[in-house]
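In: here's my sequence, what's the structure:
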Amino acid sequence: MPQTTADASPDTVAIITEICELIRTDPETRHTLTLLSRRAGLSPAHFQRVFKRVVGVSPRQFADACRLNRFKAGLRQGESVTTAMCAAGYGSSSRLYEKTDGQLGMTPGDYRAGGRTALIRYSTAECALGRILLAVTGIGVCAVSIADTDDALEAFLRSEFPAAELVRTDDELAVWLEELLKAAAGGPHRALPLDVQATAFQRRVWEELQRIPRGETRTYRELAAAIGEPTAARAVARACATNPTAVLVPCHRVIGTDGKLRGYRWGLERKQQLLEAEKK
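Out: Residues are numbered from 1 along each chain as shown. Presented below is the predicted three-dimensional model:
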């Protein structure tokens, strides 16, 4: 987990965030300390210290968490234990059970049948849009929401993750919260790793949303065309409406064909405010 802003410079956070995204998106590859440190331009020992200072765990622990997350996602999507095991990069069933013992809280088969365990850390802050919540797993941001009060935000978090252990950790999330607040103010910010469950279609839409430059907008039809589905404007609108990470995945940058604002789960007034701030 990220630590306080005093622990690392913005450039260092950016480098580590890039490394985290590399590990997260390719769990099958064996990311050795030597290869990762070389990519970061640091000695292995220095890289190990900096990574743990920023993220809160070692590179190996982070990679293990990403692999476990991919495995769990596969089980939730109905994959067999063997298929999910191979896709996540576990070389054998013995390695799978060795690595997941005590982490799933149940056998892989039982988890596939519907068990759920998760630790989610969260923090809230004041921003121009109201109160904003940042929720983070061991992998990345799992939720960002906006409301008028912290009570409303915490109620939302409990409803979204009813079986999770929720822990408020303001200091540990300070680095990422600072970047989120920059985004909520309409300014430039560094990308944060995400840990969100999505269908393949939703993921394509959310990834395309992140390609829309700050200060610009797209229509739902344009977004549908951009992902190669020109007739799927309504499905694109639904994917935007189910985006769990306000501001970071900028669904507010999508408007109607007539140029008018359409639905926004955090309120059209906030959508208008965000768009105006991003154009300054």
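
In: please count neighbours and contacts with C-alpha atoms only from this point.
Out: Fine.

In: is it fair to say Val175 lies in a helix?
Out: Yes. Applying DSSP: H, G, I helix; E, B strand; the rest coil, one finds Val175 inside a helix.

In: ok, now how distant is it from Arg70?
Out: Note on Val175: its distance to Arg70, by CA to CA, to the nearest Å, is 25 Å.

In: quick one: the strands in the stretch 1-150 of the chain?
Out: In the stretch 1-150 of the chain, the segments counted as strands under DSSP state E, counting those that start in this stretch are 119-127, 130-136, 141-147.

In: what comes up buried for the second one?
Out: Of the residues in strand 130-136, 131-136 count as buried by neighbour count, 16 or more other CA atoms under 10 Å.

In: could you do stretch 227-241 as well?
Out: The neighbour-count check on stretch 227-241 (16+ other CA under 10 Å) flags 232-233, 235-237, 239-240 as buried.

In: between those residues, which is closest to Pro213?
Out: Ranked by distance to Pro213 (CA to CA), the buried residues of stretch 227-241 are led by Cys240 at 16.5 Å.

In: please name the nearest non-neighbouring residue to that closest one.
Out: Distance criterion CA to CA, 6 or more residues apart in numbering; nearest residue to Cys240, sequence neighbours excluded, is Cys251 at 5.5 Å.

In: number of nearby residues for the one you found?
Out: 27 (other CA atoms under 10 Å).

In: likewise Cys66?
Out: For Cys66, using other CA under 10 Å, the count is 25.

In: same deal with Gly259?
Out: Close neighbours of Gly259, defined as other CA under 10 Å, add up to 11.

In: need phi/psi at it.
Out: phi 90, psi 0 (degrees, to the nearest 10).

In: contacts only, for it.
Out: Shown in contact with Gly259 (CA atoms under 8 Å, 6 or more residues apart in numbering): Thr219.

In: dump the buried residues of stretch 227-241 to a markdown table, plus distance to Phe201.
Out: Putting the buried residues of stretch 227-241 into a markdown table (distance: CA to CA, whole Å) gives the following:
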| residue | distance to Phe201 |
| --- | --- |
| Ala232 | 10 |
| Ala233 | 12 |
| Ala235 | 9 |
| Val236 | 8 |
| Ala237 | 12 |
| Ala239 | 8 |
| Cys240 | 11 |
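
In: beta partners for Ser121?
Out: Ser isn't right for residue 121; it's Arg. In this structure, Arg121 bridges to Val136, Val167 when assessed by DSSP bridges.

In: so where do the strands sit in the stretch 151-280 of the chain?
Out: For the stretch 151-280 of the chain, the strands defined by DSSP E, counting those that start in this stretch cover 165-168, 218-219, 254-255.

In: now for this protein, the helix or strand with the poorest mean pLDDT.
Out: In the chain, no helix or strand scores lower on mean pLDDT, DSSP states H and E than helix 108-112, which sits at a mean of 49.
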